[in-house]
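Q: Here is the input, now give the coordinates:
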Amino acid sequence: MNLHSTGRKPNRLTRSLLSIPILIMLLVSGLSCVSKGTYEKLATERTSIQSQLTTANASLASITAQRDSLNNQLTATNASLSFMTAERDKLNSQLAGANTSLSTMTADRDRLSSQLTSTNASLASMTADRDKLSSQLTAANDSLSAMTAERDKLSSQLTSTSASLASMTADRDRLTNQLATANASLAAATAQRDSLSSQLTSTNASLSTVTGERDRLNLQVAQLQGDYQKLYDTIRQSSPSLRNPTWGEVKYFLEQDDTNTKVYNDDQFDCSGFAITLRDRAWRYGFRSAYVEISFGETTGHALTAFQTTDKGLVYIDDTGNEGGTGFDCIGYVQVGQPYGGISLNGVKSQYINCSGDPAKFWGALTYTTHPNSFSYDYYVDYLRRVQFRKDSVNAYGKAADEYNAGSRVYSYSQLKAWYDNLQALGQDLGLPDYYVWEEVVENIEIYWN
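A: Down below sits the predicted model:
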């Protein structure tokens, strides 16, 4: 509509412009017939009209330019309208295709929505199953943790049991060997018993005869002891130069003397015979000594020899041998109210191996300690403690060696070797096995000096 309205305006303007020359011609032709006033009035109007004409021409040029511009715009608009129409048709075509696709997509959406609903139902079911399985898994993990702890505990017990089994197997094998040896010894002992039983029967038959002979010999011994005492008293009166020896002199005398190797006999040469013999032999060396009787009760006792040494004080010597003639010199340890005991001569040392550590770890470097008086009773007590230390260490070493042979490496080979060497050294230091402990307690001591 705007385009049509703009098209009618140039027609009105054209008619106005065409009327202007007519008007001018009328004015020119009428000049001769109008007055001067009228002429001036017409001249003024002409000027005014010329001015308006000029303005109208200017407006016409502007309107023409505007028309041309509008025509150009109209052409461009028409071209754009054609393009837009083509675009509209294209878009309508695309819209129709889109509507078709939309219908398909709507159908797909409905189908997928149905599938989603089904899937959501399945998912809910699976979520419930998952929660159930998660709960079961948690319970299973708890059970697994408990079973793992139980397995570790049982594994540890199995390891300990295996070690114990190996030790028990070794003990069984050792005991089996000992049992075989014991059975062999039992068979031999049974044979010896039968032989001795036969001999006993024969001996009993001869006992009555021997008893008479013994009584006769006892009478002769009593007579000889009387003669001996008389001779001893005579010699004692004629030998006033006896002296107290040093401990070194006593030890040398004992090492040279063989009284301890004499055969022990209850009826003919008992502890009294050994003590008197050693005393008399010491007299020949010029040493003052004593015959000692210790009693354990009303009917039992023991005989010793004593020396009052100049450097170690009173020293008791127990030289009593045995039935095999293999006796050894001993230092006797006597104290009223205490059990009597003896230590072999080579086991008595003022300086000896220290046994204050752990007997189950006796593989370190040996250290030594010193006792102020190796002839006092407390030295004997300490000696027994060291003997017990060695027994405990031997037992611990035997167990450790068995475990090592079974594959255990709690102790190294070098430790076991050093442990064994230390036990050997300690045994020599103690003078084993030559020592003894009497169960009886000393009740009285009697000393008779020559």
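Q: Where do the strands of the stretch 351-450 of the chain begin and end?
A: Here the stretch 351-450 of the chain has its strands, by DSSP state E, counting those that start in this stretch, at 351-353, 368-370, 435-441, 444-449.
Q: what helices or strands is the second one leaning on?
A: So that's strand 368-370. With contacts taken as 3 or more C-beta pairs under 8 Å, 6 or more residues apart in numbering; DSSP states H and E, strand 368-370 sits against strand 351-353. To be clear about C-beta, it is placed using only N, CA and C from the backbone, and glycine gets the same treatment.
Q: Show me which residues of the strand it packs on are buried.
A: Across strand 351-353, burial judged by 16 or more other C-beta atoms under 10 Å covers Tyr352, Ile353.
Q: ok, it: who's next to it in the sheet?
A: strand 368-370 (antiparallel) (DSSP bridges).
Q: Identify all contacting residues around the partner strand.
A: By C-beta atoms under 8 Å, 6 or more residues apart in numbering, the residues outside strand 368-370 that reach it are Ser350, Gln351, Tyr352, Ile353, Asn354, Ser356.
Q: ok, so of those residues, who is nearest Leu423?
A: Taking C-beta to C-beta as the measure, Leu423 lies nearest Ile353 of those, at 10.5 Å.
Q: ok, for the closest one, nearest residue in space, not its chain neighbours?
A: Leaving aside its sequence neighbours, Ile353 sits nearest to Asp429 (C-beta to C-beta, 6 or more residues apart in numbering; 4.8 Å).
Q: Can you show me the strands along the protein?
A: Along the chain, the stretches classed as strands by DSSP state E are 290-295, 301-309, 313-318, 330-333, 339-344, 351-353, 368-370, 435-441, 444-449.
Q: circling back to that earlier point, tell me how many other residues surround the residue nearest to Ile353.
A: The number of residues packed near Asp429 is 19, by other C-beta atoms under 10 Å.
Q: Enumerate every residue touching it.
A: Gly347, Lys349, Tyr352, Ile353.
Q: Same question for Leu426.
A: Contacts of Leu426 by C-beta under 8 Å, 6+ apart are Ile353, Cys355, Phe362, Arg386, Arg390, Ser393.
Q: what residue ranges in the stretch 1-150 of the chain are flagged as low confidence?
A: Scanning the stretch 1-150 of the chain for pLDDT under 70 picks out 1-36, 140.
Q: tell me the most buried of the strands of the stretch 351-450 of the chain?
A: With neighbours taken as mean count of other C-beta atoms under 10 Å, the strands of the stretch 351-450 of the chain reach their highest mean count in strand 351-353, at a mean of 17.
Q: Give me the contact list for that strand.
A: For strand 351-353, contacts defined as C-beta under 8 Å, 6+ apart pick out Leu366, Thr367, Tyr368, Thr369, Thr370, His371, Arg386, Ala425, Leu426, Asp429, Leu430.
Q: Now the two most distant members of those.
A: Applying C-beta to C-beta across these, the maximum distance is between His371 and Ala425, 18.1 Å.
Q: Those two: which has the busier surroundings?
A: For His371 and Ala425, the more surrounded residue by other C-beta under 10 Å is His371, and the numbers stand at 16 against 12.
Q: Rebuild the contacts of Asp429 as JSON lines, extending it with distance to Ile317 and pLDDT.
A: As requested, the contacts of Asp429 are exported to JSON lines (distance: C-beta to C-beta, whole Å; pLDDT from 0 to 100):
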{"residue": "Gly347", "distance to Ile317": "14", "pLDDT": "94"}
{"residue": "Lys349", "distance to Ile317": "17", "pLDDT": "94"}
{"residue": "Tyr352", "distance to Ile317": "20", "pLDDT": "97"}
{"residue": "Ile353", "distance to Ile317": "25", "pLDDT": "97"}
